[in-house]
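heads up, no residue letters with this:
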């Protein structure tokens, strides 16, 4: 029966995770140490998780690297760190005529009506008309800066 692979925690200096991961990867490939993967979770700066069946393999990999230490705590399973991994943001469908609330930027808290949707190299940009002003103000804003309040399709 094959042993389940577990994730062992390696403490590294904060901000040096990528450099140490490259070094550990090269060392694992050259020495043949049985480490299946290395994982860095952005929410946990200063820590790298190494997937292996035995802690001995990970300690052999880390040995001799200054300021990288294998923590003596119990290993964690993938299910325990899965919720820390970044998930893809939900795709929000915004159509022309929708009323949105601005959640970021200079006009935070204001409501606006979507006049047009354009694609650029930086992503999707909305052209909005601010609601509640005496005159019509047209502004451009990234789609990530708004939240749909009232959908145009619900009114139909």
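Noted; the coordinates are in hand. Only a predicted model underlies this, so the values are computations on that prediction, with no experimental measurement involved. Numbers count the residues shown, from 1 in each chain.

Partner strands of the longest strand along the chain, with direction?
Assignment by DSSP state E gives strand 111-120 as the longest strand of the chain. In the sheet, strand 111-120 lines up against strand 99-102 (antiparallel), strand 123-130 (antiparallel) (DSSP bridges).

Show me which of these has the highest average neighbour count.
strand 99-102 (a mean of 19; mean count of other C-beta atoms under 10 Å). (Glycine included, C-beta is placed from N, CA and C.)

the strands in this protein, which residues?
6-11, 35-39, 47-52, 69-70, 99-102, 111-120, 123-130, 138-142, 146-150.

how about the last one: buried residues?
By 16 or more other C-beta atoms under 10 Å, the buried positions in strand 146-150 come out as 146, 148.

so what pLDDT did the nearest residue to residue 23 once chain neighbours are set aside get?
Counting by C-beta to C-beta, 6 or more residues apart in numbering, residue 23 lies nearest to residue 65, which is 6.9 Å off, once chain neighbours are set aside. Note for residue 65: predicted pLDDT of 88.

just checking, residue 65 touches residue 20?
Yes: taking contacts as C-beta atoms under 8 Å, residue 65 lies within contact range of residue 20: 7.0 Å.

more neighbours, the two?
A direct count of neighbours by other C-beta atoms under 10 Å for residue 65 and residue 20 places residue 20 higher, at 20 against 14.

What about the nearest residue to that one once chain neighbours are set aside, how many residues nearby?
Nearest residue to residue 20, sequence neighbours excluded (C-beta to C-beta, 6+ apart): residue 12, at 4.9 Å. Residue 12 sits with 22 neighbouring residues when counted by other C-beta under 10 Å.

bridging residues for the residue lying closest to residue 136 once chain neighbours are set aside?
The shortest distance from residue 136 to any non-neighbouring residue, by C-beta to C-beta, 6+ apart, is to residue 129 (5.5 Å). Beta-bridge partners for residue 129, by DSSP bridges, are residue 113, residue 138.
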